[in-house]
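# structure for the following, please:
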Amino acid sequence: MKPRIVRANEGTTKTASLEMFVGHVLHDQVFVPEDPSRLRVSRVTFTPGGRTNWHTHAVGQVLYVISGTGRYQLDGETVEEIRAGDTVIVPPNTRHWHGAAPDQMMCHLALSENDDEGAAAEWLEPVSETDYTAPIA
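Numbering: from 1, shown residues only. Model (predicted):
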């Protein structure tokens with residue numbers, strides 16, 4: 001692989017799949033891995049109330065909040081608020097979700113690695129309203 005610049009207009013913005021997200025969510029692939037790299041970088045913009053389904057990452061995930069206010073929860077833990085400038089480090093195989101606050105947008109960079117089969121995440125069921133609206137820690 002030789003060095004290159006990926007220009008801002010080279011990527012595509014897509015509405016995120018309802019099989020993986022709740023609400024209106026925009027997904028931009030910033031970097032898709034090319035062998036030997038496994039690193040995948042996405043910019044994800046959540047409208048108020050938008051969020052991921054529960055999911056895991058075999059190799060873990062790092063989230064960097066660019067703007068807005070959101071929520072993050074590890075399975076079995078309390079919901080936490082995340083804000084612009086926060087970094088969330090998700091350990092491998094940890095069931096979790098993240099998304100915007102009910103009344104604010106949130107945008108984050110999501111960094112993850114593909115596993116040996118080329119998958120970055122295992123997507124599970126949607127987050128319930130009870131989980132999403134639980135009190136913030």
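# where do the strands of the chain begin and end?
In the chain, the segments counted as strands under DSSP state E are 13-15, 21-22, 25-31, 39-46, 51-52, 55-56, 61-74, 80-83, 87-90, 96-100, 106-113, 122-123.
# in this protein, which residue is most central in space?
residue 110 (5.1 Å; Cα atoms, centre = their mean).
# would you check that residue 40 makes contact with residue 113?
Yes: contact criterion Cβ atoms under 8 Å: residue 40 and residue 113 qualify, at 6.8 Å. (Each C-beta comes from the backbone N, C-alpha and C, glycine too.)
# and these two? Which one has more around it.
residue 40 (20 against 17; other Cβ atoms under 10 Å).
# bridging residues for the more buried one?
Residue 40 has these beta-bridge partners by DSSP bridges: residue 112.
# so how far is residue 94 from the residue nearest to the centre of the chain?
Residue 110 sits 14 Å away from residue 94, taking Cβ to Cβ, to the nearest Å as the criterion.
# okay, and for this protein, where does confidence drop off?
Along the chain, segments meeting pLDDT under 70 span 1, 10-12, 32-33, 35-37, 116, 118.
# and with 80 instead?
1-18, 30-40, 114-120, 137 (pLDDT under 80).
# what separates the closest residue in space to residue 102 that isn't next to it in sequence from residue 128, distance-wise?
Spatial nearest neighbour of residue 102, excluding adjacent residues (Cβ to Cβ, 6 or more residues apart in numbering): residue 49 at 5.4 Å. Using Cβ to Cβ, one obtains 13 Å as the distance from residue 49 to residue 128.
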